[in-house]
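Participant: Here's a sequence, model it:
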Amino acid sequence: MYVFKKKIILKAEIENVWDFFSSPDNLKKITPPHMGFQIVTGGEVKMYPGQMISYKVKPIAGIPLTWVTEITHVEPHKYFVDEQRFGPYSMWHHEHHFKVVDEGVEMIDIVSYVLPLGILGRIAHSLFVERQLNGIFDYRSTVIDQFFDVYVLAEDEV
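Facilitator: Take a look at the predicted model:
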């Protein structure tokens, strides 16, 4: 299992940050365009536990894939969790944590994931999956800055 962590500080009020991130429709705004991200079903309302969201994404060579996640936990203004129910990973568990700090709102993403195909999955991880995941979250940090002022913490601060 691999674990990815990203921590940023948003110079904003918790209510505005929560409002933005608890709306599944905003996910397209912070996903790189080359991913071809589209919500198919389930994204039209604010998230709630048990919500199923179906997406189309093109993570590799423009090949479309269906990805279904379930919002399993929601604690308003504190955290929510999405878990893959169908998609490219053997396991995907994504925690989104929010905490009010002096500078604004600290946002921590923790993604725990397992790739399929055993050794082939491990090779794919080292060749491109890890780099792609880093690229997606780097893009998010850049794009989120259009909505909120962002301070990105260095790797060793996470």
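
Participant: helix/strand/coil for Ile8?
Facilitator: Secondary structure state of Ile8, per DSSP: H, G, I helix; E, B strand; the rest coil, is strand.

Participant: what's the helix or strand for Pro59?
Facilitator: For Pro59, the host element (DSSP states H and E) is strand 52-60.

Participant: on contacts alone, who are the packing partners of the helix or strand following that strand?
Facilitator: Where DSSP H and E defines the elements, the next helix or strand beyond strand 52-60 is strand 63-75. For strand 63-75, the packing partners by 3 or more Cβ pairs under 8 Å, 6 or more residues apart in numbering; DSSP states H and E come out as strand 52-60, strand 79-86. Any C-beta I mention is one placed from the backbone N, CA and C, and that applies to glycine too.

Participant: mind checking how far strand 63-75 is from the chain centre?
Facilitator: Centroid displacement of strand 63-75 relative to its chain, using Cα atoms, centre = their mean, to the nearest Å, is 10 Å.

Participant: Not counting its own residues, what contacts that strand?
Facilitator: 22, 36, 40, 47-59, 79-88, 92, 94 (Cβ atoms under 8 Å, 6 or more residues apart in numbering).

Participant: quick one, phi psi at the residue lying farthest from the centre of the chain?
Facilitator: Residue distances from the centre of the chain (Cα atoms, centre = their mean) peak at Ile119, which lies 25.2 Å from the mean C-alpha position. Summarising the backbone geometry of Ile119 under the convention degrees, to the nearest 10, its torsions are phi -60, psi -30.
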